[in-house]
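Novice: Next come a sequence and a model predicted from it.
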Amino acid sequence: MSPVFAILAAMTLASAIAAMSFRKLVHSALSMILTFSGLASIYLHLNAQFVGLVQVLVYVGAVAILVVFAILLTRDSTRDSSVRSLAKSWLTGLLVAGAVFGTLAAAILGSRALDRAAPQAAEITVKKIGEQLMTRYVIPLEVVALLLTAAMIGAVIIAMREKEGK
Amino acid sequence: MDQIDQIFVSLKHWAVHFFPAVVQPLVSAGLSIAALIATFGSIFAITTWVERKALGRIQNRLGPNRVGPFGLLQPLADAIKMLTKEDIVPVSADRVVHYLAPFALIIPVSLALAVIPYGRNMAPVDLDAGVLFFFAVGAAAEVAVFMAGWSSRNKYSILGAMRAIAQMISYELPLVLSTISVVMIVGSLSLVKIVEAQNHFVLGFLPGWHVLTPWGFAGFVLFMIAAAAESNRAPFDLPEAESEIIAGYLTEYSGFKYALFFLGEYWGMFAVSGLAVTLFLGGWTAPFPFLVWVPSFVWFFAKLGALIVLFIWIRGTLPRLRIDQLMSFAWKFLLPMSLINIVVAAVWHFAAGWSFPLASLWRWVLCAALVAIPYLSFGRAMAGRRRFPKRVYQYAT
């Protein structure tokens, strides 16, 4: 484990825990942004430049802003939220999480996939990603585009109805 | 001449070789950072002076003229004033977020400055996906604006922040889409390669800059409009509108934190102007073959200075837009135009294969028509039936 990875992982985990435990929703949203940036830095550290930068662009630039807007438009962001950060059944949650982790870890460690040598990492360029998106994955891409358009039209319609009701 | 052209690169190599090999990458990075901060710090100081002088002249005033010759030491006086001012934090403000907001702005902006090639071999960081990096860190600036507006606990601040975020999101689309046409033609996201693609001369004397092609010209204009909006410059300075919402998200900032915000905004303007120079104005390349002996960084900073002066001139000329005008301009005009521009760039790319007589002329005419016709029809459609008679001024002569 390189020191760079250790620092990034610690930052990501710490901000993720902070995002869960802050009393104010905006603080949680801001530390979630830090988590996203931490993840992006880990991608960059692993030499996945494109994924890392898109992570910043989409999550920090768009998703985080969307979350922040949603918080500001729906509730009084200056007050502490009344929800306890730790649910009463935290012990059960811990047990379930531990069990899931154990099962997954056992399955992965027991599988033969680990014996295979790691495949040579291909030089992934943006050009290659673009070509794949336009040829092999063109139908999934179009389906996602359609879904997003439908969601956007739906959002607009919901917003319009509210106006008429007044 | 090559020695002068590469003087900063050789200086850095010379300075770095004194250090043991282990720390050399660190020293090299540190030197680049120091050079960047020093250069853009001084450009910032000069720009504030030029801006106040030019705006003063535009408004029939003298501008700063007390400190030093022609008021040249005014930036220094301002800096001392900013540093010695009391740092006021509102009682109900969220202290931590209020404190962090200026840094959250300055860090992404200085990161964006790091990928721009300032001269031959003079890109501080040469990333394969430089364009993507630029926009990714630019997106982080929105978060800083929100932090400033929300933490001040002031209705004007939050209004300004909401306006700023809405504006930044709306204008980011035309900004990125007009960049895409360049990326399509060059076939690379690396800013260094984009400059190299423009480093040739058409017909032996015209520079091969993208701005001199139909799609490039349209892209440049779209990019500059969106860039002015992204960096909250007039006429898109609604988030800070002093006369309406008393400087928006900056209302509750004073002293050095205000200075940092100010610096961040100007650096943002320099960064986005630098990107415009790199994408459309040929970066560090010379405009004519007989001028190639001039060092490359001189060309870059001359073009950057020209764009900064253009921004100041626009600020002194145009009135502020209304928020609905701002939004409809972005979504109904800039966005469709930049989408059309992508198609034009594609036509330009494929028309390169034409092989009949005067093919390059026809290619030029076709692409210019493809840009001009939608521009005119959109303009007509947006103006609607309104007529704009010549204005008559009663008192001004």
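Specialist: Perfect, I can see it now.

Novice: Ramachandran angles for B:Pro207?
Specialist: For B:Pro207, the backbone dihedrals (degrees, to the nearest 10) come out as phi -70, psi 150.

Novice: quick one: pLDDT of the residue nearest to it when sequence neighbours are not counted?
Specialist: Among residues not flanking B:Pro207 along the chain, B:Pro287 sits closest, at 5.1 Å (Cβ to Cβ, 6 or more residues apart in numbering or on different chains). Placement of C-beta: from N, CA and C, glycine included. The per-residue pLDDT reported for B:Pro287 equals 81.

Novice: what pLDDT does A:Gln120 get?
Specialist: 67.

Novice: Would you map the helices across chain A?
Specialist: A:3-21, A:25-45, A:49-55, A:64-74, A:90-110, A:126-134, A:138-165 (DSSP state H).

Novice: ok, A:Gly52 touching A:Ala40?
Specialist: Yes. A:Gly52 is within contact range of A:Ala40, at 4.8 Å (criterion: Cβ atoms under 8 Å).

Novice: Please tell me how far the closest residue to B:Val292 other than its chain neighbours sits from chain A.
Specialist: Closest residue to B:Val292 apart from its sequence neighbours, by Cβ to Cβ, 6+ apart: B:Ala286 at 4.6 Å. Distance of B:Ala286 to chain A, given as Cβ to the nearest Cβ, to the nearest Å: 30 Å.

Novice: Tally up the residues packed near B:Ala286, please.
Specialist: 18 (other Cβ atoms under 10 Å in any protein chain shown).

Novice: I figured it was touching B:Pro295, is that so?
Specialist: No. In this structure, B:Ala286 is not within contact of B:Pro295 by Cβ under 8 Å, at 9.8 Å.

Novice: Tell me the residues of chain A that contact chain B?
Specialist: Residues of chain A lying close to chain B (Cβ under 8 Å from any Cβ of the partner chain) are A:26-27, A:30, A:33, A:37, A:40, A:49-50, A:53-54, A:56-57, A:60-62, A:64-65, A:68-69, A:72, A:77-78, A:125-127.

Novice: now these: which count as buried?
Specialist: With burial judged by 16 or more other Cβ atoms under 10 Å in any protein chain shown, the buried subset of the residues of chain A next to chain B is A:26-27, A:30, A:33, A:37, A:40, A:49-50, A:53-54, A:56-57, A:60-61, A:64-65, A:68-69, A:72, A:77, A:126.

Novice: Turn the helices of chain A into JSON lines, including mean pLDDT.
Specialist: Below are those laid out as JSON lines (pLDDT from 0 to 100):
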{"stretch": "helix A:3-21", "mean pLDDT": "88"}
{"stretch": "helix A:25-45", "mean pLDDT": "87"}
{"stretch": "helix A:49-55", "mean pLDDT": "84"}
{"stretch": "helix A:64-74", "mean pLDDT": "79"}
{"stretch": "helix A:90-110", "mean pLDDT": "90"}
{"stretch": "helix A:126-134", "mean pLDDT": "80"}
{"stretch": "helix A:138-165", "mean pLDDT": "81"}
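
Novice: and the residue of chain A nearest chain B?
Specialist: A:Gly61 (2.7 Å; Cβ to the nearest Cβ).

Novice: For stretch B:272-282, what does the pLDDT average out to?
Specialist: The average pLDDT for stretch B:272-282 rounds to 89.

Novice: hmm, who's touching that stretch?
Specialist: B:112-113, B:116-118, B:131, B:134, B:138, B:175, B:179, B:182, B:191, B:194-195, B:198-199, B:207-211, B:216, B:219-220, B:223-224, B:227, B:230-231, B:283, B:299-300, B:303-304, B:307-308, B:311 (Cβ atoms under 8 Å, 6 or more residues apart in numbering or on different chains).

Novice: Quick check on those residues: which are buried?
Specialist: Applying 16+ other Cβ under 10 Å to those flags B:112-113, B:116-118, B:131, B:134, B:138, B:175, B:179, B:182, B:191, B:194-195, B:198-199, B:207, B:209-211, B:216, B:219-220, B:223-224, B:227, B:230-231, B:283, B:299-300, B:303-304, B:307-308, B:311 as buried.

Novice: okay, now B:Gly316: neighbour count?
Specialist: Residues contacting B:Gly316 under the criterion other Cβ under 10 Å number 15.

Novice: I misspoke; the intended subject was A:Ala107.
Specialist: Applying other Cβ under 10 Å, we find 9 residues neighbouring A:Ala107.

Novice: again with B:Met337
Specialist: Applying other Cβ under 10 Å, we find 22 residues neighbouring B:Met337.

Novice: List phi and psi for it.
Specialist: Dihedral angles for B:Met337 - degrees, to the nearest 10 - are phi -60, psi -40.

Novice: and the nearest residue to it once chain neighbours are set aside, how far is that from chain A?
Specialist: Spatial nearest neighbour of B:Met337, chain neighbours left out: B:Leu222 (6.0 Å); criterion: Cβ to Cβ, 6+ apart. Separation of B:Leu222 from chain A (Cβ to the nearest Cβ) stands at 20 Å.

Novice: residues contacting B:Leu222?
Specialist: Applying Cβ under 8 Å, 6+ apart, we find B:Leu222 in contact with B:Pro174, B:Leu177, B:Ser178, B:Leu334, B:Met337, B:Ser338, B:Asn341.

Novice: now with 6 Å?
Specialist: By Cβ atoms under 6 Å, 6 or more residues apart in numbering or on different chains, B:Leu222 lies in contact with B:Pro174, B:Ser178, B:Leu334, B:Ser338.

Novice: need the contact list for residue 67.
Specialist: Because you didn't say which chain, this covers chain A. When contacts are counted by Cβ under 6 Å, 6+ apart, A:Val67 touches A:Ala29.

Novice: Sorry, I should have been clearer: chain B.
Specialist: Counting by Cβ under 6 Å, 6+ apart, B:Val67 touches B:Leu73, B:Gln74, B:Ala77.

Novice: Could you do B:Ala166 as well?
Specialist: Counting by Cβ under 6 Å, 6+ apart, B:Ala166 touches no other residue.

Novice: before we move on, back to that, the residue nearest to B:Met337 falls within a helix, correct?
Specialist: Yes. Assessed with DSSP: H, G, I helix; E, B strand; the rest coil, B:Leu222 lies in a helix.

Novice: shaky segments in chain B?
Specialist: Residue ranges of chain B with pLDDT under 70: B:1, B:239-247, B:393-397.

Novice: which bits of it sit near chain A?
Specialist: The interface of chain B toward chain A, taken as Cβ under 6 Å from any Cβ of the partner chain, is made up of B:Ala129, B:Leu132, B:Phe133, B:Ala136, B:Ala139, B:Ala140, B:Glu142, B:Val143, B:Phe146, B:Trp150, B:Leu189.

Novice: now, which of those lie within helices?
Specialist: Among these, DSSP H puts B:Leu132, B:Phe133, B:Ala136, B:Ala139, B:Ala140, B:Glu142, B:Val143, B:Phe146, B:Trp150 in helices.

Novice: No further queries at this time; thank you.
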